[in-house]
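J.: Next comes the sequence, and after it the predicted model I'd like to discuss.
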Amino acid sequence: GAVVSQHPSWVICKSGTSVKIECRSLDFQATTMFWYRQFPKQSLMLMATSNEGSKATYEQGVEKDKFLINHASLTLSTLTVTSAHPEDSSFYICSATYPTSGTHEQYFGPGTRLTVT
Amino acid sequence: AQRVTQPEKLLSVFKGAPVELKCNYSYSGSPELFWYVQYSRQRLQLLLRHISRESIKGFTADLNKGETSFHLKKPFAQEEDSAMYYCALTGSNYKLTFGKGTLLTVNP
C-alpha cells in the first residue's frame, strides 16, 4: 500500500512555457503532500508543503508565483512551473503523508525530470 | 532549526565487510528519524525509522540522543546494498529534512 505516482515521468519544454506535474496518492488519502527538487548527485530540497484545500506553504527562497501548487483533492496535488527557464531543469519529486496513521513517514513518487530548452 | 549531517559523501566496502553510514542531527525537540534508500533508477523508499526499532535487509539503526546520532549499520554488506542512502529527520511540522546522502558502493 501507500503508493504515490507522478505524471509525467519526464518532460521537455521550451523556455517561457509552463509545465504541470501531477502527484497522486493511489491507495490512500493524503492530507499533506510535499514537493521536492533534486539536482544531479545532490540531496532533496523541500520546495513546499501542500495541504488539501488550503494554500501551499513555500520554503524560503522558493518563488510561489513561479512554482504554483494546487492540492484540490485528497489524492491529487499539482505543481506548475510557470514561464520555465533552463535553470528550472531538475528532478521534481513529490511525497505524501497522512499524519493520522501515527507516523510521519512520507511516501515518495518516482519523480519527474524536467528539461527546459 | 533542524539539520541532518552525513559526513561521508562516498563509502566503499567489500562484500561481506561491515558497513556503517553515519548520521548526526540537530533538533531542539523530539525528532523522528528515518533512513531512506534510493537504488539506481528507482524512487526513494523508506528503509528504517527509529520508532520501529526494526531490522530491514539486515540494516539496523539506533537513535542515540546523547550523541544526537542515528548511524546505519549492517554487519555483512552485500553487492545489492549499493545505493544512495539518506538520513532524514522530521519534527512536529511533518517536514522532512534530508542529509546530503552517502553513496554506498559494495565491491565484489
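T.: Thanks, I have the structure now.

J.: Would you mind naming what in chain A lies close to chain B?
T.: In this structure, chain A approaches chain B at residues A:32, A:34, A:42-44, A:46, A:49, A:93, A:95, A:97, A:99, A:103-111, judged by Cβ under 8 Å from any Cβ of the partner chain. (Each C-beta comes from the backbone N, C-alpha and C, glycine too.)

J.: so where's chain A shaky on pLDDT?
T.: For chain A, the stretches flagged by pLDDT under 70 are A:1, A:99-103.

J.: List the residues that contact the spatially most central residue of it.
T.: With the centre of chain A defined as its mean C-alpha position, the nearest residue by Cα atoms, centre = their mean is residue A:35, 3.4 Å away. Contact criterion Cβ atoms under 8 Å, 6 or more residues apart in numbering or on different chains gives A:23, A:46, A:47, A:48, A:50, A:67, A:69, A:77, A:79, A:92, A:93, A:94 as the residues in contact with residue A:35.

J.: my guess is the second one meets residue A:38, correct?
T.: The reference is to residue A:46. No: in this structure, residue A:46 sits apart from residue A:38 without contact. The criterion is Cβ atoms under 8 Å, and the distance is 10.6 Å.

J.: how about the strands in the chain?
T.: Assuming you mean chain A. With DSSP state E as the definition, chain A shows strands at residue ranges A:4-7, A:10-13, A:19-25, A:32-38, A:44-51, A:57-58, A:67-73, A:76-81, A:90-97, A:107-108, A:112-116.

J.: meant chain B actually
T.: Counting by DSSP E, the strands of chain B are B:3-5, B:10-14, B:19-21, B:24-26, B:32-38, B:45-49, B:60-61, B:72-74, B:83-90, B:96-98, B:102-107.

J.: Residue A:3 is nearest to which of those?
T.: Residue A:3 lies closest, by Cβ to Cβ, to one member of the strands of chain B: strand B:45-49, at 11.1 Å.

J.: Could you export that closest one as PDB, CA atoms only?
T.: Once non-C-alpha atoms are left out, strand B:45-49 reads as follows in PDB (Å, rounded to 0.1, in the frame of the first residue of the first chain):
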ATOM      1  CA  GLN B  45      12.000   4.400  -0.400                       C
ATOM      2  CA  LEU B  46      12.000   4.100   3.400                       C
ATOM      3  CA  LEU B  47      14.500   1.700   4.800                       C
ATOM      4  CA  LEU B  48      14.200   2.300   8.500                       C
ATOM      5  CA  ARG B  49      12.500   4.500  11.100                       C
END
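
J.: Which other helices and strands does it contact?
T.: Under the contact definition 3 or more Cβ pairs under 8 Å, 6 or more residues apart in numbering or on different chains; DSSP states H and E, strand B:45-49 sits against strand B:32-38.

J.: Could you tell me the angle between the strand it packs on and strand A:44-51?
T.: If you take axes from the mean of the first three to the mean of the last three Cα atoms, to 10 degrees, strand B:32-38 sits at 120 degrees to strand A:44-51.
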